[in-house]
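Novice: What follows is a predicted structure for the sequence shown.
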Amino acid sequence: MLFGQRLRALAGWIATLAVAAAFVVALAAFFELLSHPGEERTQILRGYEWFTSGDLRVAFDLRWDPLSALMALVVTGVSSLIHLYSIGYMEHDERRETFFSWLNLFVASMLVLVLAQNFLVMFLGWEGVGLCSYLLVGFWFNRRLLVVNPLGRLVEGEPDDTREVWAPPAAKKAFLANRIGDVGFLLAMFLIFATTGSLDFDVVFGEAGALAAGTATAIALLLFLACTGKSAQFPLYVWLPDAMAGPTPVSALIHAATMVTAGVFLVARTHTIFEASGTAQTVVLLVGAGTALLAALIAIGQDDIKKILAYSTVSQLGYMFIGVALGPIGYAAGMLHLVTHAFFKAQLFLGAGSVMHGNDDDTDIKHFGGLRSAMPITFWTTMAAWAAIVGVPFTSGFYSKDQVLAAAFEHGGIGLLAWAIGVFTAGLTAFYMSRYVFLTFFGERRWPEGRHPHESPPVMTVPLIVLAVLALVAGFALTTFTGEGGRFQAFLEPVLGAPEEHESLAAAAGLSAAATGLAAVGAIVAWLLYVRPFDWLALRRRWAGAWRPLAEKLYVDQVYEFFTVNLGGALAAFLARNVDQRGIDGAVNGVAELVGSSARSGRRLQSGLVRSYALGVLGGAVLIVAFLVFRP
Amino acid sequence: MNLGAFAPILAMLVLAAAFAVLSIVVSAFLAPHRPTRAKYSAYESGVEPGRLPQGERYPVKFYLTAMLFVVFDVEVIFLYPWAVVFRQLGVFGLVQMGIFVGLILIAYIYDWKRGGLEWD
Amino acid sequence: MHPLAQATTQPLPLPEVDWRAIAPELALAVAGVVLLLVVAFWPRAGRGVLAGLTLAGLAAAAALTVWNWDLERVAFEGAVSLDGITRYARAVLLAVGALATLMVAQGDSREGEPDDSPPEVFPLLLFALLGMVLLAAASDLLVVFIALEILSLSLYVMAGETRRLAAQEAAMKYFLLGAFSSAFLLYGIALCYGATGSTNLLEIADATGDPTADGTLLLAGVGLLAVGFLFKVSAVPFHMWTPDVYQGTPTPVAAFMAAATKVAGFAVFLRVFAGALGGLVVSWRPVIAGAAVLTMLVGAALAVVQTDLKRMLAYSSISHAGYLLVGVAAAATVPAGVSASMFYLLTYAFMVMGAFMVVQYVSRLGPPDDDAIGERSSLEDYRGLARRHPWAAGLLAVFMLALTGIPPLSGFWAKYYVFLAGIEAGLTWLVVVAVISSVISAFFYLRVLVVAYLQEPVGDPGAETAPGRTPALGVALGLAGLLTVAIGLAPEALIAAARSAERILG
């Protein structure tokens, strides 16, 4: 599209260099920012003035403060690595230049989103990332679903097997959920403008404290509705697992590291509004905790490696929302978890992509096992990310998760409930992630005859290694031990505010030990079940009653399907029958139906349509006049 | 609004409707019923009725000519009131009527040149 | 002297003729008559010549509009008023007319083939535009009716300009229902006259404040006026003709109807309801708001299930009429409602014309289908368009995204301003419905893009014919696309211009 035929081969490199250049620029700007004292670290770039009229002034103003700098670095940094990886992953795809131009468009939209200085520009980015996500999820629109036939061979399945992922329906689902969220964003924006008379962040946040409690709650909840769509929280999370139909780098970039964290970022960015409404904060906290638990449970029951990671992402996003719902003590923790999660989850997805790349695009965990020796780099880097997500002490996930949990504990009240759920979920997380790595890389070989798993090329493994290192050291580098935010928190303080007091080291260590201990239990159980020679499939059959609900994603999709497909279908059928018979019969029919002798056409003119249309006009007229004349 | 003023009109309406219905009903009962072929055929001013083209339809040319007739008919009707107050309207009226007639003339020329007046 | 003769020589009070006030209308009328004569005496004149003459007439009218730009007055004893609405609508309508001329000039003929549509379509276009600009300027209900009839009669004929059966059927339906709704409008005018003793909008405005006036009669009249206008802008429940007519009629005419009729219809809607009948806002606002809700939701819901692009655009134009009705409902109490609606009309006109232009382009792609009843506009024909015709697909994307209201394209600002005016007028619930409807509508606009960008073409691509040379359509497409993007990037000046429409002269 953007590149000619001759440039096709270079498209990936050009796109990668562009994003890498953006990363370098962001890094330079970041260090420039550090040279200022804390309070002066908010710079606003007054950009092209979109228009001003009356009270409303909208401009492409950009904001460069610690929060947006952090997000910009994560977005461009992770994107550069994933772009690089995609060069290898998409090597054989015919439309890779299209792929890269969309991927670049996505990064640009994401930057607009995080750098915005007013709600409208942010909305522009918000819509942009949604659109790119929609396009990229549906990228393999013509790829048939891969299923395993009874002989253990991969064959192309039927596209209308709706219980499994196939790109266009998945894209549609993502689109629908996101649009529901967008309604929230739009309405919040109107409400903000109606009450404060501005959309500029500084003005709005300046007046946030003076908002009436009801208004603040309404705005905050509408914004959070937008977050549940974009960041896949209950009840709109259902699109994210299906979005795995897209290419794996897309899953890594959009559906793990960057776009889905936009909701967390939005809550952090507009934290003054959320602080003005205790109700909204409680809602965010409960939804976050509930989603973390629900998604972790479902992840246990999945056999598709990308789906396990998708539900894991939903669950981890729940942790981030717990963090940012807690007020100043939790903001830095939530944001830290966002950063570390970007590293380890991007690695996990790219690692899964590498596994698929070496295994004929298979994603069924039952067909792996013992890949450790065939794909050593993928194995070791995935183990690093596993350590991080499980919370092995001194890896990045250990710091960030513990900080979120410690903040929840410290918050008290409803926070204690969130803490308890969080600790329990940490155990579940350890279990399903261990299950994932054990079944994939350990144990006996279960792959079908004739398959030769192989390691991926360097262009793919280099990003894996970089991300694995980051997943291990990021926590250590950014923060100090649990309970004190360290330099990460200090960096964000000018934007997000400082917590009032710090928990003592001893208590923090105790809390940390509880979560780590439970995680160890989860990992050990997984070890017992999946690594030792043990017939876990027989166990699954024996406990089918307990297993099926998990494998069936707790039937949430079925409930949604009932309401959307069945009721929607009934509505469409109703419309077809009663309202617009001709249009719904199909365009082809719509025109084809007209085919016929003039006599037939004349008869139809005489015998119904026009007369019934006229009847509609008459009915409407009578109704309107009667209303006006006889109104009490 | 004084609805009372409409009472005579209403009465007239009722009377007219009643008369129409009554005369049809009564004649159906009272009239002698002796049909002949001539009685059943259409009345066309003494001309022997022939069959119309298929489907009882007239050629579309007939409507075109009829519409042209109506247009000029309306034009003439419009000229009458103008003629009555011709003096009072003076030059203004003359100019306005000139524009009006001119426009219709142009339409007429257009129709003529495009073959709207040719029967075949 | 005879007393009678004496009486007859007394001059009648004559209206003051203000030629300058209606100069653009006169230019259009003269151009239309000249074209009619050209067609009569030189029937073999090429479409290029006729289109050139039409554009010249439009240019003259545009020049006169600019000449009159700062004129603010009521002319012809209050029959015509020159104010912001008039000049804004004139400018938009003339631009729309120029784009429509280009589309009509392109026609649906390929090289070497005779064109199906007769040359009369050019003068008819001018006469329809004359009716539209006059409608926007009319400040007397009788002028409103005359202007409405001028534009309607021209459009009835234009709708059936080709011999395709679908076009004939569309013209017939449009005519029958249009005549039916005109009767309602005329009856409404009569009732208003009966209640207030005048058809002049200024005098009606005065009478609405008069407690001795017959309220019931006036309200019945207002209701029937609303019916007539709602029909013209195709609002629910007076919308049923729209899909059939837009689908059946030749694409250039459908585009012209969708864009221009809405501009003129809403201009008069604003002038009559927000201006003259502003005093009765408490009475009519529920009617307009109710119609807006129905129009937005029914339009969006039925567009979702369409599989023909022209028909889908028809339903989309219905739902856009709903958003505009939000502006009308707000306009009586909030002046920003007027400017927001006028700005909406400006942006909408170019978006929807552009979308129809792409339809016209794509309809030329398939093998010539002489037997087809209608034109080629099924969604199936758009599969893989991006691969085959990237420019057409790109423009289609611009128009669809603009119609969806995605920033930074023009459609976003249009919606934004109308919704803002609605909130300001205290119609928040209505705006909530509008936002929901616009979310539903995103679904079917983007589905077109999915088909164009993400689906493989059906059938043998070799069977596809070249679209032929399309200079006129190309220029029109370029202009519409440029305007849609440019207005989105710099809406400010045009919004400021629309603000001057907020003071309605009557």
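Specialist: Now that the structure is in, tell me what you want to look at. Numbers count the residues shown, from 1 in each chain, chains lettered A, B, ... in the order given.
Novice: can you map out the helices along the stretch 201-350 of chain A?
Specialist: Under the criterion DSSP state H, counting those that start in this stretch, helices of the stretch 201-350 of chain A are mapped to A:201-208, A:213-230, A:239-242, A:248-252, A:262-269, A:271-275, A:278-300, A:305-325, A:328-358.
Novice: need those helices in CSV with distance to chain C and mean pLDDT, can you?
Specialist: Using the backbone N, CA and C atoms, a C-beta is placed for each residue, glycine as well. CSV is the format used below for the helices of the stretch 201-350 of chain A (distance: least, CB to the nearest CB, whole Å; pLDDT from 0 to 100):
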stretch, distance to chain C, mean pLDDT
helix A:201-208, 16, 86
helix A:213-230, 11, 89
helix A:239-242, 14, 82
helix A:248-252, 14, 85
helix A:262-269, 16, 92
helix A:271-275, 19, 89
helix A:278-300, 19, 91
helix A:305-325, 21, 91
helix A:328-358, 22, 89
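Novice: can you tell me which of the ones you listed comes nearest to chain B?
Specialist: Using CB to the nearest CB as the measure, helix A:213-230 is the one of the helices of the stretch 201-350 of chain A that comes nearest chain B, at 48.6 Å.
Novice: Packing partners of that closest one?
Specialist: For helix A:213-230, the elements it packs on are helix A:119-137, helix A:167-196, helix A:262-269, helix A:271-275, helix A:278-300, judged by 3 or more CB pairs under 8 Å, 6 or more residues apart in numbering or on different chains; DSSP states H and E.
Novice: Go through those and pick out the most buried.
Specialist: Mean neighbour counts were compared across the helices and strands packed on helix A:213-230 using mean count of other CB atoms under 10 Å in any protein chain shown; the top stretch is helix A:262-269, at a mean of 26.
Novice: contacting residues around that one?
Specialist: Surrounding helix A:262-269, the residues in contact under the criterion CB atoms under 8 Å, 6 or more residues apart in numbering or on different chains are A:67, A:71, A:110, A:113-114, A:122, A:126, A:129, A:201, A:223-224, A:226-231, A:233, A:274, A:284, A:317, A:320-321, A:323-325, A:331, A:334-335, A:338, A:496.
Novice: pLDDT wise, what is residue 89 at?
Specialist: If you meant another chain, say so; for now it's chain A. Listed pLDDT for residue A:89 reads 84.
Novice: you looked at the wrong chain, it should be chain C
Specialist: Per-residue confidence (pLDDT) for residue C:89: 94.
Novice: Can you give me the neighbour number for the nearest residue to it once chain neighbours are set aside?
Specialist: In space, not counting the residues next to it along the chain, residue C:89 is nearest to residue C:136; the distance is 3.6 Å by CB to CB, 6 or more residues apart in numbering or on different chains. Applying the criterion other CB atoms under 10 Å in any protein chain shown, we find 25 residues in the vicinity of residue C:136.
Novice: just residue A:207 next, same as before
Specialist: When neighbours are defined as other CB under 10 Å, residue A:207 has 17 of them.
Novice: quick one: it and residue A:196 touch, right?
Specialist: Yes. Judged on CB atoms under 8 Å, residue A:207 makes contact with residue A:196 at a distance of 4.7 Å.
Novice: quick one: least confident helix or strand in the chain?
Specialist: Looking at chain A here, since you left the chain open. Within chain A, no helix or strand scores below helix A:587-592, which has a mean of 35 by mean pLDDT, DSSP states H and E.
Novice: what stretches of the stretch 101-250 of chain C score poorly on pLDDT?
Specialist: Within the stretch 101-250 of chain C, the stretches with pLDDT under 70 are C:108-116, C:210-214.
Novice: For stretch A:409-426, list the C-alpha coordinates in CSV.
Specialist: Presented in CSV, the C-alpha positions along stretch A:409-426 are these (Å, rounded to 0.1, in the frame of the first residue of the first chain):
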residue,chain,number,x,y,z
PHE,A,409,-3.7,-4.2,52.1
GLU,A,410,-2.6,-0.8,53.3
HIS,A,411,-5.7,0.8,51.8
GLY,A,412,-7.8,-1.2,54.2
GLY,A,413,-11.5,-1.7,54.1
ILE,A,414,-12.6,-2.9,50.7
GLY,A,415,-8.9,-3.0,49.8
LEU,A,416,-8.5,-6.0,52.1
LEU,A,417,-11.0,-7.9,50.0
ALA,A,418,-9.1,-7.0,46.8
TRP,A,419,-5.9,-8.1,48.6
ALA,A,420,-7.3,-11.5,49.5
ILE,A,421,-8.6,-12.0,45.9
GLY,A,422,-5.2,-10.8,44.6
VAL,A,423,-3.2,-13.2,46.7
PHE,A,424,-5.5,-16.1,45.8
THR,A,425,-5.3,-15.2,42.1
ALA,A,426,-1.5,-15.1,42.4
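Novice: in the chain, which residue is closest to the centre?
Specialist: As the question left the chain open, I've gone with chain A. Taking CA atoms, centre = their mean, the centroid of chain A lies closest to residue A:260, which sits 2.8 Å from it.
Novice: wrong one, chain B
Specialist: In chain B, the C-alpha nearest the mean C-alpha coordinate belongs to residue B:70, at 8.1 Å (CA atoms, centre = their mean).
Novice: okay, and the helix or strand of chain B with the least pLDDT?
Specialist: helix B:37-40 (a mean of 73).
Novice: Just the buried positions in the following helix or strand past that helix, please.
Specialist: Toward the C-terminal end, the helix or strand that comes next after helix B:37-40 (DSSP states H and E) is helix B:60-84. Buried positions in helix B:60-84, judged by neighbour count with 16 or more other CB atoms under 10 Å in any protein chain shown: residue B:68.
Novice: Could you name the helices and strands sitting against helix B:60-84?
Specialist: Contact analysis of helix B:60-84 by 3+ CB pairs under 8 Å, 6+ apart lists helix B:86-113 as its packing neighbours.
Novice: So which other helices or strands are in contact with the helix it packs on?
Specialist: Under the contact criterion of 3+ CB pairs under 8 Å, 6+ apart, helix B:86-113 touches helix B:60-84, helix C:3-9, helix C:23-41.
Novice: Please dump the ones you listed into a markdown table; it should also carry mean pLDDT for every row.
Specialist: Output for the helices and strands packed on helix B:86-113, formatted as a markdown table (pLDDT from 0 to 100):
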| stretch | mean pLDDT |
| --- | --- |
| helix B:60-84 | 82 |
| helix C:3-9 | 53 |
| helix C:23-41 | 93 |
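Novice: closest to residue A:25 out of those helices?
Specialist: Judged by CB to CB, the one of those that comes nearest to residue A:25 is helix C:23-41, at 53.3 Å.
Novice: what about the helix or strand containing residue A:420, distance to the chain center?
Specialist: Using DSSP H and E, residue A:420 sits within helix A:414-441. For helix A:414-441, the distance from its own C-alpha centre to the chain's C-alpha centre is 19 Å (CA atoms, centre = their mean, to the nearest Å).
Novice: Next secondary structure after that helix?
Specialist: Past helix A:414-441, further along toward the C-terminus, the next helix or strand under DSSP H and E is helix A:458-478.
Novice: Tell me which other helices or strands that following helix touches.
Specialist: Where contact means 3+ CB pairs under 8 Å, 6+ apart, helix A:458-478 is packed against helix A:66-89, helix A:328-358, helix A:376-390, helix A:396-411, helix A:486-496.
Novice: packing partners for the longest one?
Specialist: Think helix A:328-358. The helices and strands touching helix A:328-358, judged by 3+ CB pairs under 8 Å, 6+ apart, are helix A:66-89, helix A:248-252, helix A:262-269, helix A:305-325, helix A:376-390, helix A:396-411, helix A:458-478, helix A:486-496.
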